[in-house]
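Q: Structure, please.
(one chain, ligands or ions: 3)
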Amino acid sequence: MIVMKFGGTSVGIPENFERAARLVVGRLRRDPVVVVSALAGVTNLLVDFCREPARRRGLAEEIAGRHARLVRATGLAGADLELPLSAWDEEAALHLDTAGPLHGAARDRVLSWGERLAAALFAAKLRTLGIPARAVDAGEAGLVTDERFGAAHPLPEAAARLRDSLARRPPVPVVTGFIGRTPDGRATTLGRGGSDFSAAIVGAALGAEEIQVWTDTSGLLSADPRIVPEARPVPRLSFAEASELATFGARVLHPKTLLPAMERGIPVRVANTARPADAGSLVTAEAPPDAAAWKVKSIACKKGISAVTIASTRMLLAHGFLARVFEVFGRHHIVVDLVTTSEVTISVTVDDDAMLGRAIADLEGIGRVEVRRDLAVVAVVGEGAPQRIGLAGHLFTLLGGVGIGIEMISQGASRVNLSFVVREEDADRAVRLLHRGLGLDLEVVEAAEPRRE
Ligand code: ADP
Ligand code: ASP
Ligand code: MG
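A: Ligands and ions are numbered 1, 2, ... in the order given. Sure thing, here's the model as predicted:
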C-alpha cells in the first residue's frame, strides 16, 4: 500500500482538488491510504478564531463559506457538507460567548475542524468518482498522542491501533492530517504543517511501500522558491539530507516527517499535484553516490532565530556545566539548533519564542548571559558537505565579498549539513548568492527513479 498526502493547496483550490482525487483513482492498484490537510488558509482562520473573540462569528461563517464554495466549484452535492458543517457550527457556537482567547485542549479541538471538514469533502469526492471511500478522524482511528496541545507527539501504541483500524480497505480511508487525540479522548494537533508527519506516522504504522507528499512544488527544491525563484527540484536525497532541510526551514516537509519513514526504511516522494508528470524528489536511506558530480543539494534558511551565549569562568573546571545549560532549555521545551563552545562560553541558537524569556532568567543563575536577536540560520545541505575540502572557505569568501558577516558557524558535527548564522536581514541575499555561487541554478542531469504507476 501507499500513503498519498495532499496539502492545503492541493485540496483548497478546486482544480487541484479534482486533480488530487483523480491521482488517487489512478493509483488504486497500489492500495492508497489518503491523508489530507485543511483547505489552504483554513487553519489560519481557525487560529484567528481562537485568538480573537470579537471576530468569532464572522470567522465561523467565513470557514463554512470556504467549504461551501469548494463544494459548488467541484460539483459535490450540498448534502455531502451538511453533516460535517453543522457539527462545525455547533462547535463554533460553543465559543461565541466565551471571552478571551482559547488555549490548550479547547484550541486544538477548534483547529482540528480544518482537517475534519477537508477529509469529509475529499472522501465525498472520491465517492462521486465511483470509489468507495470513508473519512477517518486520525484520533478516532488510533493516533493517540501525549498531552502537549499544539505540538503533540504520538505515543508508541499509536502504530498498532492505526494498523488495526485502517486494515479494512476498501473503502479507501481519507485520514485527517495534523490531528490526534490524547488517551482520554481530547483532540490534539501535531504542530503547524503537521500533516506531513501524520502521513509518515500512518505510512510507518501500515508498513507502506511509499509515502507520497503531494504539494505545490515539483519536489524538494534546491532552495525556497519564494527566496530563489530559479530553484530546481532535487531528484534524490537521503533521509539525513531531507531531515536537515526540513529542520532548517524547508517548509515543504514538516521536520518530524522523516523520522517514522527512516525507522521503517520507507521511501518518501515529494510531487506536484498540479504537475503530476514531473519527476519530483525521492527521499531514501541513501542517496546514490555520485562523487564525480558532487554538488550541494539544497540550501535552507530559518529565520526568527536568537543566539544565546552563556559565559562562566567556572565552566572549565565545573563538571556538568553543559548539562545544566541544556537542562534549562529542555525544561522550557526550547529546541536548540546550533551549538559552539569555547573554554569559558557556550553559544546556542534557538527559535525566538515566548518561552525564551523564562529560560534566560534561569540561565542567569548559571553564568553571564548575552542574547542576540533577529538572526537566521542558513543550512547548506549535501552528504559530505561539512568534510568537503574548500567548501566552507568558498562559501565564506562569497559572503564576505558582498559584506555579509557570519555570526556563528557550526561545521563537522553532521555529515550532511554545514550551517552558519547571519543577521536576518542578510539571509535572503545570502541564500540567493550561495545558490548561484554553488551552481544550484544549473540543470540537473540525474533523474529520479522512474515512477512505478
Ligand atoms: P502543503 O500545503 O502542500 O503542505 P506547504 O506550503 O506546507 O505545502 O509547503 C510547500 C511550500 O514550501 C512551497 O510552496 C514553498 O514555498 C515552501 N518551501 C520552502 N523551502 C522549500 C524547498 N526547499 N523545496 C520546496 N518547497 C519549499
Ligand atoms: N492544516 C495544518 C496547518 O496549516 C497542517 C498542515 O497543513 O500540514 O498547519
Ligand atoms: Mg505543509
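Q: Which positions in the stretch 51-200 of the chain make contact with ligand 3?
A: By C-beta under 5 Å from the ion, the residues of the stretch 51-200 of the chain that approach ligand 3 are Gly193. No exception for glycine: its C-beta is placed from N, CA and C like everyone else's.
Q: pLDDT wise, what is the residue in the stretch 51-200 of the chain positioned nearest to ligand 2 at?
A: In the stretch 51-200 of the chain, the residue that lies nearest ligand 2 is Ser195 (3.2 Å; C-beta to the nearest ligand atom). With respect to pLDDT, Ser195 has a value of 98.
Q: again with the one 4 residues further on
A: In the predicted model, Ala199 carries a pLDDT score of 98.
Q: ok, now Ile404?
A: 96.
Q: again, but for Asp337
A: pLDDT for Asp337: 87.
Q: quick one, what contacts the nearest residue to it once chain neighbours are set aside?
A: Leaving aside its sequence neighbours, Asp337 sits nearest to Thr349 (C-beta to C-beta, 6 or more residues apart in numbering; 4.7 Å). Thr349 makes contact with Ile305, Ser306, Ala307, Val308, Val336, Asp337, Leu338, Leu375, Val377, Met408, Val421, according to C-beta atoms under 8 Å, 6 or more residues apart in numbering.
Q: Then Pro156?
A: Per C-beta under 8 Å, 6+ apart, neighbours of Pro156: none.
Q: ok, it to Gly142 distance?
A: Separation of Pro156 from Gly142 (C-beta to C-beta, to the nearest Å): 12 Å.
Q: Smallest gap between the stretch 251-400 of the chain and ligand 2, at which residue?
A: Closest to ligand 2 within the stretch 251-400 of the chain is His254: 6.5 Å, counting by C-beta to the nearest ligand atom.
Q: That residue contacts Ile201, doesn't it?
A: No: assessed by C-beta atoms under 8 Å, His254 is found out of contact with Ile201, at 10.8 Å.
Q: Have a look at the two and say which one is more surrounded.
A: Ile201 (31 against 23; other C-beta atoms under 10 Å).
Q: sec struct for the more buried one, please.
A: Look at Ile201: counting by DSSP: H, G, I helix; E, B strand; the rest coil, its state is helix.
Q: Isn't it up against Arg163?
A: No: judged on C-beta under 8 Å, Ile201 makes no contact with Arg163 at a distance of 11.2 Å.
Q: Report the central residue of this protein.
A: Central residue of the chain (C-alpha atoms, centre = their mean): His254, 1.5 Å from the mean position.
Q: for the lowest-mean-pLDDT helix or strand in the chain, packing partners?
A: Scoring the helices and strands of the chain by mean pLDDT, DSSP states H and E places strand 408-410 at the bottom, with a mean of 85. Strand 408-410 makes packing contacts with strand 336-341, strand 417-423 when contacts are defined by 3 or more C-beta pairs under 8 Å, 6 or more residues apart in numbering; DSSP states H and E.
Q: where's the last one relative to the chain centroid, distance-wise?
A: This points to strand 417-423. Distance, stretch centre to chain centre, for strand 417-423: 20 Å (C-alpha atoms, centre = their mean, to the nearest Å).
Q: buried set for the strand or helix carrying Ala119?
A: Assigned by DSSP states H and E, Ala119 belongs to helix 104-128. Residues of helix 104-128 classed as buried: 106-127 (neighbour count, 16 or more other C-beta atoms under 10 Å).
Q: Now for Glu210: which residues touch it?
A: So Glu210 contacts Ile2, Val3, Gly203, Ile266, Pro267, Val268, Arg269 (C-beta under 8 Å, 6+ apart).
Q: Ala250 too?
A: Counting by C-beta under 8 Å, 6+ apart, Ala250 makes contact with Leu220, Asp224, Ser298, Ala300.
Q: which stretch of helix or strand covers it?
A: Judged by DSSP H and E, Ala250 forms part of no helix or strand.
Q: Dihedrals phi and psi, it?
A: Main-chain dihedrals, Ala250, degrees, to the nearest 10: phi -80, psi 90.
Q: State the distance from it to Val378.
A: The spacing between Ala250 and Val378, counted by C-beta to C-beta, is 12 Å.
Q: any shared contact partners between the two?
A: Counting by C-beta under 8 Å, 6+ apart, the common neighbours of Ala250 and Val378 are Ala300.
Q: shouldn't Gly150 be in contact with Gly180?
A: No: applying C-beta under 8 Å, one finds Gly150 not in contact with Gly180, separated by 11.9 Å.
Q: what about this structure, any weak spots by pLDDT?
A: For the chain, applying pLDDT under 70 flags the ranges 287-292, 315-318, 411-413, 443-453.
Q: who in it is up against ligand 1?
A: Selection of the chain residues close to ligand 1 by C-beta under 6 Å from any ligand atom yields 7-10, 37, 193, 215-217, 220-221, 223-226, 245, 250-252, 298.
Q: Number of residues surrounding Ile360?
A: Neighbour count for Ile360, taken as other C-beta under 10 Å: 17.
Q: Tell me which residues touch it, please.
A: Residues in contact with Ile360, defined by C-beta under 8 Å, 6+ apart, are Val308, Val369, Val371.
Q: was I right about the last one contacting Ile305?
A: No: applying C-beta under 8 Å as the test, Val371 and Ile305 come out as separate, 11.2 Å apart.
Q: before we move on, the earlier item: anything in contact with each of Gly150 and Gly180?
A: Shared contacts of Gly150 and Gly180, counting by C-beta under 8 Å, 6+ apart, come down to Thr189.
Q: Between the two, which has more neighbouring residues?
A: The neighbour comparison of Gly150 against Gly180 (other C-beta under 10 Å) goes to Gly180, with 31 against 16.
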